[in-house]
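# the sequence isn't on hand, but the structure is:
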């Protein structure tokens, strides 16, 4: 029995809007470009993106981050005195937030996918009221342990070009030079 089959607003049934998980109540359609991976079980998909406490870590055994969080961890780096040591939290260069050119329509994350085969996490951003969809894919190199990558691309079928602002969540100091930049993406011919 699927979640939407047992969903009811009737308190006597026991399942209501407050008790039902969004993914059980109304499973979202998987975008066509992610459908094969989701069907094969190598891609986990969510729309809307789940609560931050359910976000995955992306790493390679030496460094790791949670996409969308402003910090990362590096193997062997610790803070604190003897007895109270903990992993050092360093600014993450791949923690990005997007903002569309139209300030009246905020950018939002509308979907997320964890590709288990490629060890990559993708957050799909809707810009300017849905006029453009931008994918931010985060992955850690398996051969170069010091490399953590965020690549940005227009989602398949999204009209281009798209102009947007990128803000680094890993640094709050504008003097860093990369804390806020403007980018433009165009669709491939």
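That came in fine, so what should we check first? Here the structure is a predicted model, which is why all the values come from computation and not from measurement.

# just checking, what packs against the longest helix anywhere in the chain?
Counting residues, the longest helix found in the chain (DSSP state H) is helix 32-40. Contacts defined by 3 or more CB pairs under 8 Å, 6 or more residues apart in numbering; DSSP states H and E place helix 32-40 against strand 43-46, strand 108-115. No exception for glycine: its C-beta is placed from N, CA and C like everyone else's.

# can you put those in CSV and add distance to residue 151, mean neighbour count and mean pLDDT?
CSV is the format used below for the helices and strands packed on helix 32-40 (distance: least, CB to CB, whole Å; neighbours: other CB atoms under 10 Å; pLDDT from 0 to 100):
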stretch, distance to residue 151, mean neighbour count, mean pLDDT
strand 43-46, 17, 18, 90
strand 108-115, 13, 19, 91
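
# in a markdown table: these, plus distance to residue 135.
Formatted as a markdown table, the helices and strands packed on helix 32-40 follow (distance: least, CB to CB, whole Å):
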| stretch | distance to residue 135 |
| --- | --- |
| strand 43-46 | 13 |
| strand 108-115 | 9 |
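
# wait, which of those strands is closest to residue 74?
strand 108-115 (21.8 Å; CB to CB).

# the nearest residue to residue 162 once chain neighbours are set aside: how many residues sit nearby?
Closest residue to residue 162 apart from its sequence neighbours, by CB to CB, 6 or more residues apart in numbering: residue 132 at 3.6 Å. Counted with other CB atoms under 10 Å, residues neighbouring residue 132 total 24.
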